[in-house]
Structures are given as C-alpha cells and as structure tokens.
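Undergrad: give me coordinates for this.
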Amino acid sequence: MTQPQTSDLPQVADCRQDFPALHQDVRAHALVYLDSAASAQQPMSVIETVADYQRRDHANVHRGVHTLSHRATDAYEGARDKIQSFINASSRSEIVLTSGTTESINLVAQSFCRPRLEPGDKVLITHLEHHSNIVPWQIVCEQTGAELVVAPINTRGELDMDAFDRLLTDDVRLLAIAQVSNALGTIIPLRDIIPKAKSLGIAVLVDGAQGVPHMQIDVQELDCDFYAFSGHKMFGPTGTGVLFGKESLLDAMPPYQGGGDMILEVSFDGTIYNELPYKFEAGTPNISGVIGLGAAIDYLLSVGMSRIAQHEEQLLAYLTRKLGEVEGIRLIGTAAEKASVQSFLVDDIHPHDLGTILDHQGVAIRTGHHCAMPVMDFFGVAGTARASLALYNNNDDVDRLVEAVVKARQIFA
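TA: Presented below is the predicted three-dimensional model:
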C-alpha cells in the first residue's frame, strides 16, 4: 500500500490523542501504558469502525444474498486486501485469516510440516522464541519422530550466529524464527538468515507478531515462506491474526480444520475443498475483528511506518538510558539491534511486586516470564519486568516509569 507523503502525515507525538484508553486515571494517577507488546491500545478509528459494523452491517459473510451480508462480506474481504497490500504479498490468496499468531503457527505445523516430516528430519528454532513458536514444533516432532533443534543466544540476548550456521544443515526441513523477541526486543537479522536457509532448500516461517507494529514488512523482499502475526499487537482487535503463505505451498497443503466455508461440495462419500485462502478458514470468522484489523492498518499507514520506527527507536534509547541510571537495576537483553522492549530487574524485588507497586502509581507494565520461559532460564531468573513501547508513548511516560521504579526501591528498602 502506498505510503502518504511526509507533508500529509501528523506528528507521531500527536497520535496519543487518538487512543481513548490512554486518557484515564488509574488509582488517582494519569495512566502510563507500557504493555503494548502484550496488547496495544486501539485508536478511536478502529473502535468506531467495529461499532459501525455492529450497528449497521452485522451478518454472516460469503453465503448470504441479502444486503447486510453483502456489506459485511465487502468489508471483511476489503480488510484482506488491505493486509495483502500492507505486507506486500503477491496475491490475496496468500492471506489466511486466523485468530492470531498462535493459530497461524499451529496451522503450518500441522498442515505443512506434519505430512512432510519423518524420523531424521529437523525443525530449527532459536532460544529467543515465544512459547507459541516452540510448543507447536514440539508437538509435531512428537507426532512424526522429527527432531527439534534450538540455536543458542549470548548474554546480550542476541542469536549466536556461528552456532546457528552450524545447526542450519540440509536435514532441517523448517526454520521457525521470530523477527523480534517479545521478551527482550532483540531484532533477529532475517535478511542475513533467510537466504542461507533458502540456499539449502529449507522452508522459513517468521513469527512477526512483534515486528509488524514497529517496522515496514515486505514478505516478498524477505522471501520467507510463511509469515504470522496478530491484530491485537498492531492496534486492532483481539482474536484476529494472519498467516501469509506462498501460494504454491498453501495450495499443496491439506486443510487444517473442517467445517463451513472451507468446502465447495460435501457428500458422505467425500468433500471438495474450497479455493485459497478459504480452504484454511473453517467456520464463521471473527468478522468484526477482521474489519477492525483493516481499520488498524489504515491508521498505521496514516501515521507512516517509517516515522513510527524512527519515533520508537529514539524513545527506546531514552528508556534504556534512563532505566540504566537507576541504582540497583539490571537490564535483561542488551542487543545492539532492538525494537521497543526493555526487560529489567530491580535489586531483589520480585517482578510481580514491582509491577503491583507501579500499578498503584498508574504505570502499567508486564511482569513474569512473558511466555518465553527458556529465555528466563538462560538468564537465571524466574521472570522480569518488561516495559514495551508503541507509537503513542513519549519521554514523559518513560520519566513516570523511572520515578515509579525509584519509589518502589524506597518502599522495599
């Protein structure tokens, strides 16, 4: 999708006013929301788009001949077109609508990998992965007798590239890799890694859940075979997601689930499946959510992805510097290339206790293992406090976080 001209774009700092949830008090303090890596807030344009659909156009898609069904179908399929353009897929048939990154990865594990894997084959992941990019591969390896191989990381939270290269062998059938670590913010160098995999004939799945909200994505340029992401990370509704897959691969894959809308003809003797992408979209979808996801894409483009990336890069540098000045703090994840996330510990304060005290000061962060327990094990901790940024955050949010952390230290002292 064509980006607006710079002169047409608002200042990123002005975008905060578009998010109604940010304009409230929590425990008598103005809210500071630093948990966008878990779920980003929604702009008013998304909220109103979903509400308008619910008020006027709610009906099931694809099968109705009445006006409301046509309206719902046009809006729903229009969102698919927006997604295709947003990530520069070559065809709308390559855009499978799912409930989120987790379902998208499970679909690839069961529909692409399970029929192909056999004993002696390998699936390669990294130590940085979210549980959703670990457990589906464990399951399919148990089902097929294949082996799950894990590339290590270093103490900065970066992928050990020498070790990775040694593990990237011709018996690997799939490389499943995050674009950005949800726990540490590490940006993985996909443009270096994917060509190595392709040269060995290895299929590549990218977990883009933490990449899509923060940087321009071009799946044709990346040359990945699959790319998965979620709507709620990118200012859209929960329960929405996307699996991009190259058309030739999707066409050869069996359906993941059976039911309505993924069929053309059913008899007790057999079923003829629908064309792509509907072959993988069984049952009534999250219609309002997908329409809201389309509105979220419109919003991101109205701001400009390059400007969002620049804003967040500067803000992350400020966040990292200010947190590093706090006595007793330990930064977890100090990769040279990062995006929008900083995990940390403060003295011997348990992360849940720290998060509770910060909440009493109106500061919302995430605490725990962040669905990345192997990462926590690597650093020898049970969990961390995690501050994650989005386009609507600013330096004042960072200052409020630091003030709250200092106060927590005083309380526990």
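
Undergrad: I figured E221 hits N88, correct?
TA: Yes: here E221 lies in contact with N88, judged by C-beta atoms under 8 Å, at a distance of 7.3 Å. Heads up, the C-betas are built off the backbone N, CA and C, glycines and all.

Undergrad: who's more crowded, these two?
TA: Counting neighbours by other C-beta atoms under 10 Å for E221 and for N88 shows that N88 has the greater number, 15 against 11.

Undergrad: in contact with the more buried one, which residues?
TA: I217, D218, V219, Q220, E221 (C-beta atoms under 8 Å, 6 or more residues apart in numbering).

Undergrad: which of the residues you listed are buried, as a ChimeraX select command?
TA: In ChimeraX syntax, the buried subset of those is picked out as below (16 or more other C-beta atoms under 10 Å):
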select :217,219
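
Undergrad: give me the neighbour count for I272.
TA: When neighbours are defined as other C-beta under 10 Å, I272 has 9 of them.

Undergrad: that one should be in a strand, yeah?
TA: Yes: going by DSSP: H, G, I helix; E, B strand; the rest coil, the assignment for I272 places it inside a strand.

Undergrad: which strand residues sit across from it in the sheet?
TA: E265 (DSSP bridges).

Undergrad: for it, give its distance to D359.
TA: Shown here: I272 relative to D359, a distance of 54 Å by C-beta to C-beta, to the nearest Å.

Undergrad: for A21, same thing?
TA: A21 sits 15 Å away from D359, taking C-beta to C-beta as the criterion.

Undergrad: could you do V206 as well?
TA: Computed as C-beta to C-beta, the V206 to D359 distance reads 34 Å.

Undergrad: neighbour count for those two, which is higher?
TA: Of the pair V206 and D359, V206 is the one with more neighbours under other C-beta under 10 Å, namely 26 against 16.

Undergrad: quick one: list the elements packing against the strand or helix carrying that one.
TA: Element membership of V206, judged by DSSP states H and E, is strand 203-207. Helices and strands touching strand 203-207, by 3 or more C-beta pairs under 8 Å, 6 or more residues apart in numbering; DSSP states H and E, are helix 101-107, strand 172-178, helix 190-199, strand 226-230.

Undergrad: and if we set it to 6 Å?
TA: For strand 203-207, the elements it packs on are strand 172-178, strand 226-230, judged by 3 or more C-beta pairs under 6 Å, 6 or more residues apart in numbering; DSSP states H and E.

Undergrad: buried ones in the worst-scoring helix or strand of the chain on mean pLDDT, by neighbour count?
TA: Sorting the helices and strands of the chain by mean pLDDT, DSSP states H and E puts strand 263-267 at the bottom, at a mean of 87. Residues of strand 263-267 classed as buried by neighbour count (16+ other C-beta under 10 Å): I263.

Undergrad: on that earlier part again, now the strand holding V206: average pLDDT?
TA: Confidence for strand 203-207, expressed as mean pLDDT, is 98.

Undergrad: all helices for this structure, in order.
TA: Taking DSSP state H to define them, one finds helices in the chain at 44-52, 67-87, 101-107, 135-144, 161-167, 190-199, 219-222, 247-252, 287-303, 305-324, 351-359, 373-379, 395-412.

Undergrad: dump those into TSV; add mean pLDDT and distance to P213 as well.
TA: Conversion of these to TSV gives the following (pLDDT from 0 to 100; distance: least, C-beta to C-beta, whole Å):
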stretch	mean pLDDT	distance to P213
helix 44-52	98	13
helix 67-87	97	12
helix 101-107	98	12
helix 135-144	98	22
helix 161-167	98	26
helix 190-199	98	16
helix 219-222	98	16
helix 247-252	98	25
helix 287-303	97	8
helix 305-324	96	8
helix 351-359	97	22
helix 373-379	98	20
helix 395-412	96	17
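
Undergrad: how about the ones you listed, which one is nearest V32?
TA: Using C-beta to C-beta as the criterion, the shortest distance between V32 and these is 4.6 Å, found for helix 395-412.

Undergrad: how far off helix 351-359 does the closest one point, in degrees?
TA: Calculated by axes from the mean of the first three to the mean of the last three C-alpha atoms, to 10 degrees, helix 395-412 forms an angle of 120 degrees with helix 351-359.

Undergrad: and helix 395-412, what does it pack against?
TA: Taking 3+ C-beta pairs under 6 Å, 6+ apart as contact, the helices and strands that helix 395-412 lies on are helix 305-324, helix 351-359, strand 363-364.

Undergrad: let's have the ones you listed in CSV, adding distance to I411.
TA: Written out in CSV, the entries for these read as follows (distance: least, C-beta to C-beta, whole Å):
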stretch, distance to I411
helix 305-324, 18
helix 351-359, 6
strand 363-364, 14
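
Undergrad: just those: most buried one?
TA: Of the helices and strands packed on helix 395-412, the one with the most neighbours on average (mean count of other C-beta atoms under 10 Å) is strand 363-364, at a mean of 22.
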